[in-house]
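Q: Kindly return the folded structure for what I paste below:
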Amino acid sequence: MTTQTASAPNLPTPPSVGAASQSPAAAAPRSRAKIVLPAILGVAVLGAGVHYLLTYGRETTDDAQLEGRVANVSPRVAGQVAKVLVQDNQLVHAGDVMVELDVKDLNAKLDVARADVLSAEAQLASAQSQLALTEATVGANLRQAKAGVTQASSGISSSKAALDQARADVAAAEARFKLAETDLGRVKQLTEQGALSPADLDTRQATYDQTRAQLEQARARLTSTEAGIENSSGGLEAAQGRLVAAEAGPAQVQAAQAAVKLADAKLQQAKAALELAELAVSYTQVRAPVTGQVSRRTVEVGQMVGPERPLMAIVPQDDVWVVANFKEDQVGEMRAGQPVDVKVDAFSGHHLKGHVDSLAGASGARFALLPPDNASGNFVKVVQRIPVLVRLDEKPSELPLKPGMSAVVTVDMRGH
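A: Residues are numbered from 1 along each chain as shown. Now for the predicted structure:
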């Protein structure tokens with residue numbers, strides 16, 4: 001019987017350490033790594049260098065937006081809207097009528113103001129006529145009063161002379177009467193004694209009666225002359241009173257001049273009221289203050305409006321600038337006049353050139369509704385933003401830049 005010996009299966013012999021180090025399959029990855037890693041490192045260093053060269057002396061922020069002026073349009077008088085002549089987003093030019101208000105009430109007030117002007121003009125003309133009449137009569141009245149005083153004084157002087165004459169006549173008549181009375185008594189005695197005839201007595205009696213009558217007549221003239229002097233004195237006082245009144249003529253002229261000034265002031269006041277009424281009528285047409293695009297229109301026909309509430313806003317399209325909010329550690333070397341590159345998000349393929357106009361006087365947080373108070377005990381350091389105003393050197397006509405658009409701003413501070 002034949003005995004067969006079972007043989008062990010053919011198992012692979014594990015390689016030795018020395019044999020593995022010499023394997024070509026293991027050496028290939030290590031060779032590639034020695035080539036790739038230095039290449040990657042070199043590319044990274046080159047990229048960092050290029051980035052450094054490109055960003056050296058430049059500061060960039062994407063916290064920037066376009067800004068522009070917004071003109072809020074309000075009516076200057078209150079009223080009811082009669083017409084709205086513009087639409088949303090419509091382009092209007094300065095002076096274009098956009099809204100018309102009902103003008104009936106204001107036209108009535110305008111008519112009243114015109115009537116007041118006519119009345120004031122009539123009052124001024126009347127006051128001027130009264131002034132001219134007063135100035136003309138004052139001089140004549142003064143001269144007439146002075147003449148009256150002179151005439152009254154002359155009359156008194158004449159009356160005094162007549163009084164002296166009348167008194168002298170009375171004295172002479174009394175003397176003649178006494179002489180005639182004495183002669184009559186003597187003749188009566190002589191007639192009773194028979195020395196004279198009755199005819200002589202009759203003659204002496206007639207002479208006595210005549211001298212007595214002359215005495216009474218002289219006394220009557222004296223009384224009349226005295227009464228005339230009293231009348232002349234009263235006339236002089238009346239003439240002096242008229243003179244005093246005439247001497248007050250300049251005051252009357254001043255009063256007339258004051259009346260003219262008052263009437264003229266009322267006329268000017270009425271004219272000012274008329275001008276205000278005319279302006280109020282013109283204000284019923286609400287016009288565009290600037291050229292721009294209508295925005296935020298809230299007015300409708302029939303609505304009651306007033307100066308306190310805007311009807312719409314107009315945004316000018318030709319006055320746009322950029323406000324970039326840089327971090328406080330970016331603005332240390334920023335100065336006015338430095339060149340700026342602006343890239344608007346809406347037009348990413350375009351780069352706009354500009355320059356730094358100015359830096360804000362404080363950080364944006366200082367103008368917030370509730371400014372931060374670092375002394376409150378809850379201090380957390382936050383990097384602040386400083387608004388920087390950038391002016392565009394020119395605005396491309398093909399780009400409709402609008403306030404509020406976001407932008408990326410880069411300021412070149414090299415050599416400035």
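Q: quick one: the strands in the stretch 51-200 of the chain?
A: 58-68, 71-73, 79-84, 91-92, 97-101 (DSSP state E, counting those that start in this stretch).
Q: deepest of those strands, which one?
A: Most buried of the strands of the stretch 51-200 of the chain, by mean neighbour count (mean count of other C-beta atoms under 10 Å): strand 97-101, with a mean of 20. In this view, the C-beta of every residue, glycine as well, is placed from N, C-alpha and C.
Q: sorry, back to before: Throw the strands of the stretch 51-200 of the chain into TSV and include mean pLDDT and distance to residue 128, thanks.
A: As requested, the strands of the stretch 51-200 of the chain are exported to TSV (pLDDT from 0 to 100; distance: least, C-beta to C-beta, whole Å):
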stretch	mean pLDDT	distance to residue 128
strand 58-68	94	58
strand 71-73	95	47
strand 79-84	96	40
strand 91-92	96	50
strand 97-101	97	41
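Q: On the three-state scheme, residue 401 is what?
A: Under the three-state scheme (DSSP: H, G, I helix; E, B strand; the rest coil), residue 401 adopts coil.
Q: same question but for residue 411, I mixed them up
A: Assigned by three-state DSSP, the conformation of residue 411 is strand.
Q: just to revisit the earlier point, looking at the strands of the stretch 51-200 of the chain, which is nearest to residue 119?
A: Closest approach to residue 119 among the strands of the stretch 51-200 of the chain (C-beta to C-beta): strand 79-84, 27.3 Å.
Q: what helices or strands is the closest one leaning on?
A: On a contact count with 3 or more C-beta pairs under 8 Å, 6 or more residues apart in numbering; DSSP states H and E, strand 79-84 meets strand 97-101, strand 304-305.
Q: Try it again at 10 Å.
A: strand 97-101, helix 104-192, strand 285-287, strand 304-305 (3 or more C-beta pairs under 10 Å, 6 or more residues apart in numbering; DSSP states H and E).
Q: Correct me if wrong: residue 299 contacts residue 86.
A: Yes: between residue 299 and residue 86 there is a contact under C-beta atoms under 10 Å: 9.3 Å.
Q: Between the two, which contacts overlap?
A: Common neighbours of residue 299 and residue 86 (criterion: C-beta atoms under 10 Å, 6 or more residues apart in numbering): 73, 98-99, 286, 311-312.
Q: Comparing residue 299 and residue 86, which residue is more hemmed in?
A: residue 86 (21 against 18; other C-beta atoms under 10 Å).
Q: Low-confidence ranges, the stretch 101-250 of the chain, go.
A: 139-140, 142-143, 145, 147-149, 151-159, 161-163, 228-249 (pLDDT under 70).
Q: thinking again about what came up before, so which of the helices and strands packed on strand 79-84 is nearest residue 62?
A: That would be, of these and by C-beta to C-beta, strand 97-101, which comes in at 37.4 Å.
Q: that older thread, do you know which of the helices and strands packed on strand 79-84 lies nearest residue 214?
A: Closest among these, using C-beta to C-beta: helix 104-192, at 4.7 Å.
Q: Run the angle between the closest one and strand 79-84 for me.
A: On the basis of axes from the mean of the first three to the mean of the last three C-alpha atoms, to 10 degrees, helix 104-192 is oriented at 140 degrees to strand 79-84.
Q: and helix 104-192, how far from the chain's centre?
A: A distance of 58 Å separates the centroid of the chain from that of helix 104-192, by C-alpha atoms, centre = their mean, to the nearest Å.
Q: I'm done for today, thanks for sticking with me.
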